[in-house]
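Peer 1: The sequence and its predicted three-dimensional model are supplied below.
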Amino acid sequence: MKKALMAVAVSAMFATGASLADTNTPATLSITGTVTDSTIPVACGVSLNTASVNLTGMVSSMKTQGQNVSGGTLVSMSVTGGAQCDQLVNNYGLAYKFVGTPDNADGTVLANTATGDTAAAGVGVGVFSVTGATYSLGANHNAKDTHGFSLALVKLNGQTATAGNVQSTLTVQLDRL
């Protein structure tokens, strides 16, 4: 009798297991990804026609921060890296960005980082288009339409400009659009 009861219990377990197996719910996994073309360049670069510039100006004739300038010191630039980089430029896929320490007035021009008694005060270095329009630091400028920029000393808004030495650094970087 015990053996018969045990056989019935084991049979019931198998029957229950089989019926549960029929009601299992499968799991679904959503997969997304990106396929890239190995011909896309790993790195494009920026080439400038000079590694340094010497800016001079008189306090009385300097434009004020935010004003357009005529003249300035022109720096030519181009994208390097080969045919794929050229294609990115032609398809509006790359932009130049001007990066540096911003001034302490409006934050739109490069700060004068010269220090000491001989440093100019209330003066910064403005970055401008080749036509003299102001460029803001950190903004993208399409590489297809931008082949250079100019630099000029400017009076900082709300500050008194004084004569002295000026020092600053500008980094021109590329951003993919």
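Peer 2: Structure received.

Peer 1: show me what contacts the residue lying closest to residue 103 once chain neighbours are set aside?
Peer 2: Spatial nearest neighbour of residue 103, excluding adjacent residues (CB to CB, 6 or more residues apart in numbering): residue 124 at 4.2 Å. All C-beta atoms are positioned from the backbone trio N, CA, C, and that covers glycine. Contact partners of residue 124, counting by CB atoms under 8 Å, 6 or more residues apart in numbering, are 65, 103, 105, 109-112, 153-154, 156, 168.

Peer 1: Among those residues, name the ones in strands.
Peer 2: 110-111, 153-154 (DSSP state E).

Peer 1: Remind me which helix or strand the residue nearest to residue 103 belongs to.
Peer 2: In this assignment (DSSP states H and E), residue 124 forms part of strand 123-128.

Peer 1: do the same with residue 86
Peer 2: helix 83-90.

Peer 1: Just the buried positions in that helix, please.
Peer 2: 85-86, 88-89 (16 or more other CB atoms under 10 Å).

Peer 1: Repeat that for stretch 90-102.
Peer 2: 93-98, 100, 102.

Peer 1: which residues sit against it?
Peer 2: 44, 46, 77, 79, 85, 87-88, 108-111, 113, 127, 135, 137-144, 146, 149, 168-177.

Peer 1: With stretch 70-80 instead?
Peer 2: Here stretch 70-80 makes contact (CB under 8 Å, 6+ apart) with 44-50, 53-55, 85-86, 88-89, 94, 96, 126, 128, 130, 132, 143, 146-152, 172, 174.
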